[in-house]
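Novice: Kindly return the folded structure for what I paste below:
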Amino acid sequence: MFGLSKLFSSKSAEKAPIIAALAAYRSSAFAIGIEQDWLEELNQNSDKSWQVKLSLPFAGCGEINEIEKFVADKLSVPVSISAKVKLPSTYSFKQIKHIVLVASGKGGVGKSTTAVNLASALEQEGAKVGILDADIYGPSIPLLLGLQGAEPKTADNKNLLPFEAHNLKAQSIGFLVPSDDATVWRGPMASGALNQLMNETAWGELDYLIVDMPPGTGDIQLTMSQKVPASGAVIITTPQDLALADAHKGIAMFNKVNVPVLGLIENMSYFLCGHCGEPNHVFGKDGAVTLAHRHGVPVLANIPLAIEIRESSEQGNLIAKDNAAKISETYKTAARVLASSLYYQQAQSSSVEIIITED
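Specialist: You can find the predicted model right below:
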């Protein structure tokens, strides 16, 4: 990556306007614009147009077209921007940079479907992503990824190789036990199995590992919260009062074990009428917003109740990868905001540590 001294060369005066335009861009993911440290290349062509290469510290490549248009409009010249994702080389676990727990207070709110589509959205935003199915009693990741019947493999007789589908690395207890068999284990045994899946899988280098947590606040949730260095948690809920009450308990649990809650995703938020096109709030309205305000966290997305999500899931496809579906962009926007939140949280932590050291 070019240092600031290279960017501000003898032509620094010519580069100043585009650097300022990049810094002025704002969105829910790019809360403070494009920082100069993210500039990898910055070249002006003979026709006064610009070519920009960015190295983003979080998954956010899906917003490049908007950034490009904003800068071009601001400067009134053509601008071409490309980007790659390169997170800071700080690992929280093995070669994994961020572990994100996707949880819910109760079952039946679409947590697993949301988790796997969120993972896919992060991958499409330019990151290396894995997903761990921590729902020992009801694993659904094999079905959602179209991997039913896949058998575990190992390269060294010590560590399991993760399965790969849709450019995601995946692991689940569902790959180790028959799909038609019930997992009848007590809490300690289930927690032990989860520890093995986490520690004895050769994940390789990942930017984000999404963990699909079981519903509730039991042994497995405590195991993941206390023994795994999670960067944060995302709570999935529906607008119903019952789901919101349980989601509140989930937030309270993560607060007790000092895992930051990065935001809420409201699933089955509304149903679009096939006749008039108007949203119908079948399960209530603004429940996640009220809960988010109560706890001071953002609502990352409002996912509609849509038949396309069910159909894609049952076929082992991911609606987040279907660029023709409007829902796809909803997941991607949530992924960008989640990723940027993790980056700014990490940057703030580093700043605090520096201040303490200097004192």
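Novice: alpha carbons only for contacts and neighbour counts from here, please
Specialist: Will do.
Novice: any idea how far the lengthiest helix in the chain is from the chain center?
Specialist: Secondary structure assigned by DSSP state H gives helix 326-358 as the longest helix of the chain. Counting by Cα atoms, centre = their mean, to the nearest Å, helix 326-358 is centred 10 Å from the centre of its parent chain.
Novice: other SSEs contacting that helix?
Specialist: Packing partners of helix 326-358 (3 or more Cα pairs under 8 Å, 6 or more residues apart in numbering; DSSP states H and E): helix 111-124, strand 261-266, strand 299-302.
Novice: With only the CA atoms kept, save the helix or strand just after the shortest one in PDB.
Specialist: Meaning strand 299-302. Following strand 299-302 in sequence order, the next helix or strand is helix 307-314 (DSSP states H and E). Output of helix 307-314 as PDB, limited to C-alpha atoms (Å, rounded to 0.1, in the frame of the first residue of the first chain):
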ATOM      1  CA  ILE A 307     -41.500 -17.100  -0.500                       C
ATOM      2  CA  GLU A 308     -38.200 -16.700  -2.400                       C
ATOM      3  CA  ILE A 309     -36.200 -17.000   0.800                       C
ATOM      4  CA  ARG A 310     -37.900 -20.300   1.600                       C
ATOM      5  CA  GLU A 311     -37.600 -21.700  -1.900                       C
ATOM      6  CA  SER A 312     -33.900 -20.800  -2.100                       C
ATOM      7  CA  SER A 313     -33.200 -22.300   1.300                       C
ATOM      8  CA  GLU A 314     -34.900 -25.600   0.600                       C
END
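Novice: Please verify my assumption that Ala233 contacts Gly263.
Specialist: Yes - Ala233 is within contact range of Gly263, at 7.5 Å (criterion: Cα atoms under 8 Å).
Novice: now the stretch 51-200 of the chain, which segments are flagged as low pLDDT?
Specialist: Filtered on pLDDT under 70, the stretch 51-200 of the chain yields the residue ranges 178-188.
Novice: quick one, helices of it?
Specialist: Using DSSP state H, counting those that start in this stretch, the helices of the stretch 51-200 of the chain run over residues 64-75, 111-124, 141-144, 187-199.
Novice: Please list the outside residues in contact with the longest one.
Specialist: To tie it back to what came earlier, the one meant is helix 111-124. Identification of contacts with helix 111-124 by Cα atoms under 8 Å, 6 or more residues apart in numbering yields 59, 61-62, 102-104, 128-131, 140-141, 144, 166-168, 209-212, 236-237, 267, 313, 318-321, 328, 331-332, 334-336, 339.
Novice: Quickly compare the helices of the stretch 51-200 of the chain and say which is most buried.
Specialist: Of all those, helix 111-124 carries the top mean neighbour count, a mean of 26, counting by mean count of other Cα atoms under 10 Å.
Novice: Extract the CA atoms of that helix and return them as CSV.
Specialist: C-alpha atoms of helix 111-124 as CSV (Å, rounded to 0.1, in the frame of the first residue of the first chain):
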residue,chain,number,x,y,z
LYS,A,111,-31.9,-17.4,12.5
SER,A,112,-30.0,-20.1,10.5
THR,A,113,-31.3,-18.8,7.2
THR,A,114,-30.3,-15.3,8.1
ALA,A,115,-26.9,-16.4,9.4
VAL,A,116,-26.0,-18.3,6.2
ASN,A,117,-27.2,-15.4,3.9
LEU,A,118,-25.3,-12.9,6.0
ALA,A,119,-22.2,-15.0,5.6
SER,A,120,-22.7,-15.2,1.9
ALA,A,121,-23.3,-11.4,1.7
LEU,A,122,-19.9,-10.8,3.5
GLU,A,123,-18.2,-13.1,1.0
GLN,A,124,-19.7,-11.2,-1.9
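Novice: Quick check: Leu262 touching Gly296?
Specialist: No - with contact defined as Cα under 8 Å, Leu262 does not count as touching Gly296 (9.9 Å).
Novice: If anything else comes up later, I'll come back, but that's it for now.
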